[in-house]
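Asks: Coordinates only, no sequence provided:
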């Protein structure tokens, strides 16, 4: 008997990196389901604009995912304004493209702080709140890069492998807790993150709305592992059972080893400059984030995927 989709009407959802891209599209998809959404982003002004576009059920907050106190303040503010958080979507992430030996140490640390520590901090802050109620759901945005290795994305691949392993391990620890877990593994998505990058042979860029719809579907049907598009999941799973040489040959045929190498870096200039400036706050001096005001009668109301 097929699962009956759960209603998301009235659910409170917190999304990191919600000002643009997949985060924004997911907020919009959830609002259509009747959810109330708090978006957190380092770019709080853009977050306010996004919330204003999406309507009264969306609030915006300043968030630095590399600071655990900032994450705690974000969730506290969402719960104060909207109610207990039912769903956390760890979406914030960055993807610089560079040969491994040319990558600066600062860039590597920044990727791990945002992509990995940001996810860890979010789970550590959200899960105790959910466990107390024995209900909730955590969605972590990983990537197909969390299942393979792609030239010019070495540290990003390492970070997304970490997110995949982290999600599976924590899910195992809380299997009978009433908490759901989902790990989302998009391939190429048509956002600023993949600016200047063409998809490989046989694979087209997905739209952020497709990822958003897959997240909504996972929440409604309590799905753990989600690939976007679904065909990429079938390819990924098939390659894990093939001998190494055969899998690598298929990867070369699909141009997976050349996609990032052939990226048009001039087309990525704005994105690369922006993420280079998204300096994480040192953990030892991190301060709580300040919630952005959202006044309905005035201005409505955070770095993301």
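Replies: All right, it came through fine. Predicted, not measured: the structure shown is a model, and the values here were computed from it.
Asks: which parts of stretch 215-228 are buried?
Replies: For stretch 215-228, a neighbour-count test (16 or more other CB atoms under 10 Å) marks 215, 216, 218, 219, 223, 225, 226, 227, 228 as buried. Every residue, glycine included, has its C-beta placed from N, CA and C.
Asks: Does the last one touch residue 186 like I think?
Replies: Yes. Under the criterion of CB atoms under 8 Å, residue 228 is in contact with residue 186, at a separation of 4.4 Å.
Asks: Next, name the residue at the spatial heart of this protein.
Replies: By CA atoms, centre = their mean, the chain has its centre lying nearest to residue 91, at 1.9 Å.
Asks: How about residue 234, nearest residue that isn't a chain neighbour?
Replies: residue 227 (8.0 Å; CB to CB, 6 or more residues apart in numbering).
Asks: do you know how far that neighbour is from residue 237?
Replies: As judged by CB to CB, to the nearest Å, residue 227 and residue 237 stand 9 Å apart.
Asks: do the same with residue 55
Replies: Relative to residue 237, and taking CB to CB, residue 55 is found at 39 Å.
Asks: residues bridging contact with residue 228 and residue 186, i.e. touching both?
Replies: Listed contacts common to residue 228 and residue 186 are 206, 211; contacts here mean CB atoms under 8 Å, 6 or more residues apart in numbering.
Asks: where do the strands sit along the stretch 1-150 of the chain?
Replies: 12-16, 36-41, 58-62, 87-90, 136-141 (DSSP state E, counting those that start in this stretch).
Asks: Out of the ones you listed, which is the most enclosed?
Replies: strand 36-41 (a mean of 31; mean count of other CB atoms under 10 Å).
Asks: Partner strands of that one, with direction?
Replies: With DSSP bridges as the test, strand 36-41 is paired with strand 12-16 (parallel), strand 58-62 (parallel).
Asks: contacting residues around residue 145?
Replies: Neighbouring residues of residue 145 by CB under 8 Å, 6+ apart: 153, 156, 157, 160, 161.
Asks: Repeat the analysis, applying 6 Å as the threshold.
Replies: 153, 156, 157, 160 (CB atoms under 6 Å, 6 or more residues apart in numbering).
Asks: Top of those residues by number of neighbours, please.
Replies: In terms of neighbours by other CB atoms under 10 Å, the contacts of residue 145 top out with residue 160 at 27 neighbours.
Asks: what's the helix or strand for it?
Replies: helix 154-173 (DSSP states H and E).
Asks: any idea how far that helix is from the chain center?
Replies: For helix 154-173, the separation from the chain centroid amounts to 12 Å (computed by CA atoms, centre = their mean, to the nearest Å).
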